[in-house]
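Engineer: Sequence plus the predicted model coming up.
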Amino acid sequence: MSDIPTIEFTITNDNLDTGLRGYPVGTCETSYVDPQEGVSYVGYPIADLAFLPAEDIIHLLFNKSLPTDAERQAVADDIAERSEVSEDAVASISALPAAGHPMDQFCAAIQILGMTGKTDDYYEDSLNLVARIPTALAAIFRKREGWGPPIPSEPSRGYVNNFVHMLGMPGGDEEALTRLLSVYYNLHADHGGGNLSTFTGRAVASGLADMYRSMASGMNALAGPRHGMANQDAFKMVKEVDTEDPEAAYEALKERLASGGLIFGFGHAVLRQEDPRAKVQLGIGEELCPDDHWFKVVKAVREGGIRALSENPKVSNPYPNVDLISGSLVNALGFTDPDYYTTLFGWSRIAGIGAQIVDERTRARNGRGVAIYRPRYIPVNQPARSLSS
Ligand code: MLT
């Protein structure tokens, strides 16, 4: 690890209780979020990477370079070799209570994969997890939806197409789903070091918890409505607005704001412009589902939402983020239950969080790894007391 730029950062009382917003706490080699330009992975703008095979993104995040043709094939072979999930693990995942939210099952599945195949090497375990999670997630969908028993993996199909194959969505258009989920995967794979799920995964790993425990913790963080679960809430909001007319969407969102309602899918902690991932999603929507009612509604909500939020001087970023459009796209291709949307985000983010944990544990501080996270909290409302007086 080299070339850490010199930074100056003054902490005052105003910084307390702000969720560490903007605090420099460490380094990140996989990605960076520029407030104006959005995310880049290892220096490449996300829009340039969106349509590459997922194998390229995995190589980029773990090796910090885009693969040659031979390296891409090596990634595919490596994933294939690592991808076997024991029957026991699939049976345990399929036996999880269906009553919970899919994210509960997703987090539990990560720990089950840990219980049944851990190496205790961060690098090995992160790539094993990348390779095995599609089988786990497909098993969750199939069990919950009653689509039948798990479908055997065929890793030679490629990473994303194999996931689509294992899902076996009744009536699903395999080609379109593979196209959409490839882009979806690339767009969601990483987002700088400070997003809550990545920060959580890194923090938990700093106590030397293994990759599976650290990743499950990160995924539980992703399951909050202010973070990854915003994608399901955004689509639910789009359904409530339900108009293809931008003017009517503007009125509906203005009213929602006035009555204290939350607007999902807009704004961001770091971004100050429209998220480039949202723009890519608009493009893929125009390609795959231009006539879909909910895609048209989402476009109206995008326009109306920017207008409604821009009128509030307190809103620093009135623009769409990654969560506004994704739901309408996957819905159009057959994922009609928004409760699953965060699991798709989680599937993709495993590569970014995994690569960052590997970097932090094995490369940071010249290979010594980052110390255990132990920030300071300032005591308040705790006057000295004594039981004896
Ligand atoms: C995202 O992908 O937008 C995030 O993980 C949220 C963030 O960057 O804080």
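Structural biologist: Structure's in. What do you need?

Engineer: So, low pLDDT: which residues of this protein?
Structural biologist: Filtered on pLDDT under 70, the chain yields the residue ranges 1-2, 389.

Engineer: Name the residues of the longest helix anywhere in it that are buried.
Structural biologist: Taking DSSP state H as the criterion, the chain has its longest helix at helix 122-145. Applying a neighbour-count criterion of 16 or more other Cβ atoms under 10 Å, one finds 122-123, 125-144 buried in helix 122-145. Heads up, the C-betas are built off the backbone N, CA and C, glycines and all.

Engineer: can I assume Ile58 is in contact with Val160?
Structural biologist: No: applying Cβ atoms under 8 Å, one finds Ile58 not in contact with Val160, separated by 10.9 Å.

Engineer: More neighbours: the two, which one.
Structural biologist: Ile58 (28 against 24; other Cβ atoms under 10 Å).

Engineer: Up against the ligand, what does the chain have?
Structural biologist: Counting by Cβ under 6 Å from any ligand atom, the positions of the chain adjacent to the ligand are Val33, His191, Gly192, Asn195, Ala269, Asn321, Val322.

Engineer: Now tabulate these in CSV and tack on neighbour count and secondary structure.
Structural biologist: Putting the residues of the chain next to the ligand into CSV (neighbours: other Cβ atoms under 10 Å; DSSP: H, G, I helix; E, B strand; the rest coil) gives the following:
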residue, neighbour count, secondary structure
Val33, 21, strand
His191, 27, coil
Gly192, 19, coil
Asn195, 25, coil
Ala269, 18, coil
Asn321, 23, coil
Val322, 27, helix
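
Engineer: Would you map the strands across the protein?
Structural biologist: Using DSSP state E, the strands found in the chain span residues 31-34, 38-41, 44-45.

Engineer: Quick check: which of those strands is buried the most?
Structural biologist: Mean neighbour counts were taken over the strands of the chain using mean count of other Cβ atoms under 10 Å, and the top value, a mean of 24, falls to strand 38-41.

Engineer: packing partners for it?
Structural biologist: strand 31-34, helix 46-49, helix 54-63, helix 276-288 (3 or more Cβ pairs under 8 Å, 6 or more residues apart in numbering; DSSP states H and E).

Engineer: mind listing what that strand pairs with, with the direction of each?
Structural biologist: Strand pairing for strand 38-41, determined by DSSP bridges: strand 31-34 (antiparallel), strand 44-45 (antiparallel).

Engineer: Output these in JSON lines, with distance to Thr343 appended to each entry.
Structural biologist: Listed next are the strands paired with strand 38-41 as JSON lines, based on distance: least, Cβ to Cβ, whole Å:
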{"stretch": "strand 31-34", "distance to Thr343": "21"}
{"stretch": "strand 44-45", "distance to Thr343": "26"}
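
Engineer: For Phe295, find the nearest of those strands.
Structural biologist: strand 44-45 (24.4 Å; Cβ to Cβ).

Engineer: quick one: that closest one to chain centroid distance?
Structural biologist: Averaging C-alpha positions (Cα atoms, centre = their mean, to the nearest Å) puts strand 44-45 18 Å from its chain's average.

Engineer: what's the answer for stretch 382-389, then?
Structural biologist: Between the centre of stretch 382-389 and the centre of its chain there are 47 Å (Cα atoms, centre = their mean).

Engineer: can you check stretch 368-376 too?
Structural biologist: Taking mean C-alpha positions (Cα atoms, centre = their mean), stretch 368-376 and its chain are 24 Å apart.

Engineer: what does stretch 159-168 give?
Structural biologist: A distance of 19 Å separates the centroid of the chain from that of stretch 159-168, by Cα atoms, centre = their mean.

Engineer: In a markdown table, list the residues of the chain next to the ligand along with distance to Asn15.
Structural biologist: What follows is the residues of the chain next to the ligand, written out as a markdown table (distance: Cβ to Cβ, whole Å):
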| residue | distance to Asn15 |
| --- | --- |
| Val33 | 19 |
| His191 | 22 |
| Gly192 | 19 |
| Asn195 | 19 |
| Ala269 | 14 |
| Asn321 | 24 |
| Val322 | 27 |
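
Engineer: Once you drop chain neighbours, what's closest to Ala136?
Structural biologist: Residue nearest to Ala136 in three dimensions, not counting chain neighbours: Ala109, with 4.1 Å by Cβ to Cβ, 6 or more residues apart in numbering.

Engineer: you'd agree the one you found is up against Leu96?
Structural biologist: Yes: contact criterion Cβ under 8 Å: Ala109 and Leu96 qualify, at 7.3 Å.

Engineer: These two: who's more crowded?
Structural biologist: Remark: of Ala109 and Leu96, Ala109 carries more neighbours, 28 against 19, as counted by other Cβ under 10 Å.

Engineer: gap between the more buried one and Asn162?
Structural biologist: 17 Å (Cβ to Cβ, to the nearest Å).

Engineer: Pull the number of nearby residues for Glu287.
Structural biologist: Look at Glu287: counted by other Cβ under 10 Å, it has 12 neighbours.

Engineer: One more: Leu253?
Structural biologist: For Leu253, using other Cβ under 10 Å, the count is 24.

Engineer: Skip the chain neighbours and tell me the closest residue to it.
Structural biologist: Leaving aside its chain neighbours, Leu253 sits nearest to Ala308 (4.2 Å; criterion: Cβ to Cβ, 6+ apart).
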